[in-house]
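Colleague: predicted model and sequence follow; I will ask about them next.
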Amino acid sequence: MDKHLGSAGQIALITFLACLPVQIVLSDRSFAQATIDRKAQATQLLEQGTQLYIQKKYPEAIATWQKSLELFRALKSPIDEARLLGNIGLAHNYLGQYPQAIAFHEQSLAIRTQINDRQGQSNSYNNLGLAYAALRQYDKAIDFYKQALTLRQQIGDRTNERTTLGGLIGIYQALGKYQENISLYERVVTVSKELGDRQNEANALSNLGLTYYSLQKYPQAIEFYQQSLVIFRQIKDQIGESTTIINLAVAYKNLGQYQSAITALQEGLALSKQIGNLYNQASALTNLGNAYVNLGQYPKAIEFFQQDLMIRKQLGDRNGESATLNNMGNAYYFLGQYQKSIGLFEQALAIAKQFKNMLAEGNALGNLGLAYGSLGQYQKALEFHQQAVEISKRIGDFQGVGNSLTNIGLVYSNLGQYQKSIEFHQQALVIAKRIGDRRSESGTLGNLGNVYSSLGDYAKAIDFHEKSLAIAKEIGDRNGEGTLLGNLGGNYYYLGQYQKAINFYQQSLTVLKQIGDRNGEANMLGNLGLVYSNLGQYQKAIDFFQPALAIVQTIGDRSGEGNTLNNLGIAYRSLKQYQKATESYQQALVIARQIGNRNGEGNALNNLGLIYNDLGQHQESINFFVKALEIAQQISNRKDEGNALSYLGVAYGALKKPQESLSFYQKALEVSRKIGNREGEREILNNLGALLAYQAQPEAAIVFYKQSINVTESIRKDIKGLGKEEQKTYLNTVAQTYRRLADLLLQQGRVMEALQIIDLLKIQELEDYLKNVKGNERTAEGIRLLAPEQEISSQLLAMDFEKMPELNRQLAKQIQQLPKSEINKVPDYLQKLPQGVVLIYPLILSDRLELILFSPNKLPISRTSKISKAKLEELIIDFKAGLLDAGSEDVLEPATELYNLLIKPIEKELIQANTQTILYAPDGQLRYVPLAALYDGKQWLVEKYRISNLISYSLSDFVAKPQLPPSILAGAFGGKGDERKFGQSGLPATLKEVQAIANSFQNSTTLTEEQFSRQAIESRLKNYNILHLATHAEFNIGTPENSFIIFGNGDKIGLSEITDWQIPNVELIVLSACQTGTGKLDNGIEILGFGYQVQKAGAKQAIASLWKVDDAGTQALMAAFYREFQKGNITVTEALRRAQVSMIKSSNFNHPNYWSAFFAIGNGS
């Protein structure tokens, strides 16, 4: 934190010390000689104490004044007794011993009140205000300052009136009430001008600069500093001049004008040297150190801190020495040299303890807690933070208590113990509110938002961040406002609502530009780049990273430059522009080495290793990973150590050196588990599975894959778990783990386990797409390890490679001896599947199509259809082309081929199970295939079975619920067919469609065209159990932002926002004019995503269409559906089936183009 040299404290100090020598003049020569001698002795001791006080030898001053006090008491001189008590109180104050200081000031006040010494009373009130302010008990401090102010105004003490105003100003500044301070300082300026006191006029102008600085109004701050600087130079106050130059420099720094800041600091340092002012020299050196810390030039910062430290020692300023040791410790902390930083923090702590400066002791303990937390030694971190809490409580430093409670909350967040984290942040919030510390209140609310964001509870996170933002705006904390807007953007980023994320990041960027925070501006440009990177728009990401890079280079932020180059490298690598990626990483490496950032150096080496691995230059990549590993081990960065070990495992695996690969993976796994890096653990277990599968050891591979998936499900349950940069790799690899494991299990005939994995795969794909899928208690259980697998899992981690084949054989034998019922154990909730209902789960693999059929009271079966993934995709494209052409018979051939692939292999079992309803959970591009339109050569499949698409059986409830009488809320887009409206064609038939519903169902409401708005629908949702939306809806490939429903007045709701509806009473949502997968087909996740979002919002089932059907055809099908549904005692799927069959039998709409587009989503009830 920058050290600002204010004037208010200086005024108060001069005033208090000016009182001390005056007491010598007040001796009464009428006493007897003995009395005179005793008074002379007392006065001499008072003077000696004063000199010691001026020399900052506070303990010695206290001891000397205590002797003087005893003599004056014996002389019965209450006025001198009161003064000495006040002086002793001041000395305790400077030692940070505030409770003792308060006790002495209260004694002094009592005497002065008794003898009616109004001037003395005002001094005592002022000193009590000073002590309580130091304790951050601001309400008490304000009360005492106001009493002092009243007395000083009454007795006409204009000079000390300014002192008290300065004290009040200090408190309001601490409370973030900067705007109020402006008028107070202006009053001080006016009084000083009237008194002709140019010194304090300059001081007040300087403090006005500090106030505007606190409001992040840096240009105004600079203006007042410059006004004060003119006066300081005129009155030849070189101390004030050097102080103001240093403050000017800090303002320049916050405008991102680092070179101007450093130039000013060097000027202030030179002037301080010229006049021999060691204190300002030390302050200039402190701020130069902090400036270079902000620039990421930590070695240079350390040089300045070392010079600062020498001066502090020369001055005997042990408190300043402690502070500088803390600053130097912070610089080493940022370098990742945590052990060195701990050594410095411990020295700072020892000094604080020696001089009983409990406030500084608490600060050092807090820094030690942060350092041990970064080392992953969380228990030790908690112990230090708890000690800091106790010390702050002992001295009544409530703000310090709150800060330490916040730090404890952050440690528990790192431990993944989020409920505990919330408890401590809540305690910190209570304290901030109690002491009226609005800035800390805002910060703590922001921290609570961050915890809920980590829990994946983004709605709560957004609520807390919005509250925090409101306070930041209220107190004029523009910097906090910019940060919190960025945090809100982060929440929407994790929700997958990228447009909202971009909007908040842009707002944050605007604020940061307005206050001249160039560093913040660069960070926010970087965040925008990360959003577009996650959207796969890497070139656009680069377009944001490059101006961010230009800013950090301009302001000299070498650390930020290295980070931005790293982000550019990631984007270029994603575009396979390996040369540019390599150049970016190499530049980042050079910078990290120049500034001594060992963490950054290790990251750059790892990234370069990954590039060479991508290029197939595995030996070169190993060289980089080894160097990165050495650095991580040297600086005790266990997470990067685990990463480097894991990367070495990958590289040796690529070189077909399985023994070395296994060894590195085992070491990496040990590190990841020890530090609680669950994502690292997940990835390593996956890689071990892949390694053993490649070595033809499937049983052992299955154990590792299962454990990897169980870690994944655990992560999903608790947290989002990953930073932005890590998500890209994560999303690209996790789903493959499920597919590989399902493939291996099916090859081993372990069908039920494979079914469970494929079901969990659906949820993982949804998480990859929507970013908000936490699963439930069922999915959190993961996949069960069989008894032999449990027994052998620990041996696998310690096993030499040569012994692996034998271990795999033993495991295979033990599993073969298990009863089939044990291997194919069916979860209890799946046993509730009604009779006549079956599950069909296809799995597309590179060389074949696997089918799993599950029916009640039977073990699941699997069948294989021989077709490659590429051929299947061609067939699906042909099928969809035939479906979209209502005038062609070309649909029959692909419909028959798909029937032969998907249904024919299990046709006999469907009949044996007396199947009535198929719950179909399609995989990949099969999501674009309407199962209803498969053709057996005589009949369409829908003529034989009810069909509903299933999101996941783990997320479904198969217990039938009683049907309620239909109450329908219907909306129609309307418009004319030959006109475009809001970029969409008109849908005139939708008006007839919803009118037909209104005519058929008494309890219904229709909204059309302009009346059909988002607000109108959302305000009525809770009153109906069916929502019918006859309007444009598109579910497109890419991100949820590309998918939306449009209302009749042009409003839109994005796919990610549907869950905001909260509609537990809605049984059915119907979208009668939507289309999916327009253009190139992808994996159909947008269809799965719509179904999940609807169910998460609370609706039980949905009907949607895979393509936009002719208006008349849609109207005919919907009329038939509601006609059947109106009969009552019928399921949604049966009503839809009957409607589709009626169209098959019609003469106008018998082509599957008209009826098969519509499909149900839900449990089929």
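Modeller: Arrived safely, thanks for sending.
Colleague: mind listing what the residue positioned nearest the centre of the chain touches?
Modeller: Against the mean C-alpha coordinate of the chain, by CA atoms, centre = their mean, the closest residue is N450 at 5.1 Å. The contact partners of N450, by CB atoms under 8 Å, 6 or more residues apart in numbering, come to S413, A461, N487. Using the backbone N, CA and C atoms, a C-beta is placed for each residue, glycine as well.
Colleague: helices - which of these land there?
Modeller: Using DSSP state H, the members of those that fall in helices are S413, A461, N487.
Colleague: which single one of those residues is nearest to A996?
Modeller: A461 (44.2 Å; CB to CB).
Colleague: sorry, back to before: ok so the residue nearest to the centre of the chain is a helix residue?
Modeller: Yes: the assignment for N450 is a helix, going by DSSP: H, G, I helix; E, B strand; the rest coil.
Colleague: check contacts around E1124.
Modeller: I1130, E1134, A1135, R1138, A1139 are the contacts of E1124 under CB under 8 Å, 6+ apart.
Colleague: end-to-end on stretch 1008-1024?
Modeller: End-to-end distance for stretch 1008-1024: 17 Å, by CA to CA, to the nearest Å.
Colleague: mind listing what's buried in the helix or strand that contains Y172?
Modeller: Assigned by DSSP states H and E, Y172 falls within helix 158-174. For helix 158-174, a neighbour-count test (16 or more other CB atoms under 10 Å) marks 159-174 as buried.
Colleague: same check, this time on stretch 840-851
Modeller: Under the neighbour-count criterion of 16+ other CB under 10 Å, stretch 840-851 has I840, Y841, P842, L843, I844, L845, R848, L849, E850, L851 buried.
Colleague: downstream neighbour of the helix or strand of the chain with the lowest mean pLDDT in the secondary structure list?
Modeller: One helix or strand of the chain scores below all others by mean pLDDT, DSSP states H and E: helix 8-25, with a mean of 23. Next helix or strand after helix 8-25 toward the C-terminus (DSSP H and E): helix 33-54.
Colleague: quick check: angle from the next helix or strand after that following helix to helix 33-54?
Modeller: Next helix or strand after helix 33-54 toward the C-terminus (DSSP H and E): helix 58-74. Relative orientation of helix 58-74 versus helix 33-54 (axes from the mean of the first three to the mean of the last three CA atoms, to 10 degrees): 160 degrees.
Colleague: which strand residues bridge R980?
Modeller: Applying DSSP bridges to R980 gives these bridge partners: S985.
Colleague: I'd assumed G986 was in contact with it.
Modeller: Yes: in this structure, R980 is within contact of G986 by CB atoms under 8 Å, at 7.3 Å.
Colleague: sorry, back to before: closest one of the buried residues of stretch 840-851 to R438?
Modeller: Y841 (55.6 Å).
Colleague: residues in contact with that closest one?
Modeller: By CB under 8 Å, 6+ apart, the neighbours of Y841 are L755, I758, D759, L851, I852, F854, A921, D923.
Colleague: that one falls within a strand, correct?
Modeller: Yes: counting by three-state DSSP, Y841 is located in a strand.
Colleague: start at 34, not 1
Modeller: With 34 as the first residue, the last one maps to Y874.
Colleague: ok, and the closest non-adjacent residue to it?
Modeller: Closest residue in space to Y874, ignoring its immediate chain neighbours: I885 at 4.4 Å, by CB to CB, 6 or more residues apart in numbering.
Colleague: which SS class is the one you found?
Modeller: strand.
Colleague: hang on, it packs against I790?
Modeller: No: I885 lies out of contact with I790 (CB under 8 Å); the separation is 10.3 Å.
Colleague: between those two, which is the more surrounded one?
Modeller: I790 (27 against 23; other CB atoms under 10 Å).
Colleague: residues contacting the residue nearest to Y874?
Modeller: V784, A787, L788, I791, L872, I873, Y874, P875, L876, P893, I894, S895.
Colleague: let's go with 10 Å and repeat that
Modeller: I885 sits next to 775, 779, 784-785, 787-788, 791-792, 872-876, 893-896, 939, 954 when contact means CB atoms under 10 Å, 6 or more residues apart in numbering.
Colleague: just the buried subset of these, please.
Modeller: 775, 779, 784-785, 787-788, 791-792, 872-876, 893, 895-896, 939, 954.
Colleague: among these, which are in strands?
Modeller: Within the buried ones among the contacts of I885, residues falling in strands by DSSP state E are L872, I873, Y874, P875, L876, S895, R896.
Colleague: between those, which sits nearest I1177?
Modeller: I873 (21.6 Å).
Colleague: pLDDT score for the closest one?
Modeller: pLDDT recorded at I873 is 98.
Colleague: what bridges to the spatially closest residue to it that is not a sequence neighbour?
Modeller: Take I873 and drop its neighbours on the chain: the residue closest to it by CB to CB, 6+ apart is Y953, 5.2 Å away. Per DSSP bridges, the residues bridged to Y953 are I873, N982.
Colleague: what about the stretch 234-383 of the chain, any weak spots by pLDDT?
Modeller: Along the stretch 234-383 of the chain, the model assigns pLDDT under 70 to residues 249, 287-289, 329.
Colleague: ranges for the strands of it?
Modeller: Counting by DSSP state E, counting those that start in this stretch, no segments of the stretch 234-383 of the chain form strands.
Colleague: could you pull out the helices for it?
Modeller: 251-267, 271-287, 291-308, 311-327, 331-348, 351-367, 371-387 (DSSP state H, counting those that start in this stretch).
Colleague: among those, which is nearest T587?
Modeller: Counting by CB to CB, T587 lies closest to helix 291-308 out of the helices of the stretch 234-383 of the chain; the figure is 8.9 Å.
Colleague: tell me what the closest one is packed against?
Modeller: When contacts are defined as 3 or more CB pairs under 10 Å, 6 or more residues apart in numbering; DSSP states H and E, helix 291-308 sits against helix 271-287, helix 311-327, helix 331-348.
Colleague: tell me which of the ones you listed lies nearest to R151.
Modeller: That would be helix 271-287 among these, by CB to CB, at 31.4 Å.
Colleague: ok, now how distant is K1178 from I936?
Modeller: 22 Å (CB to CB, to the nearest Å).
Colleague: same question, Y86
Modeller: Counting by CB to CB - Y86 and I936 are separated by 96 Å.
Colleague: cool, and A393?
Modeller: 77 Å.
Colleague: same thing with D350?
Modeller: 86 Å.
Colleague: who has more neighbours, the two?
Modeller: I936 (20 against 17).
Colleague: next, count neighbours for the residue lying closest to the more buried one once chain neighbours are set aside.
Modeller: Nearest non-adjacent residue to I936, counting by CB to CB, 6+ apart: L967, 5.9 Å away. L967: 26 surrounding residues under other CB under 10 Å.
Colleague: quick one: L967 and L934 touch, right?
Modeller: Yes: contact criterion CB atoms under 10 Å: L967 and L934 qualify, at 9.1 Å.
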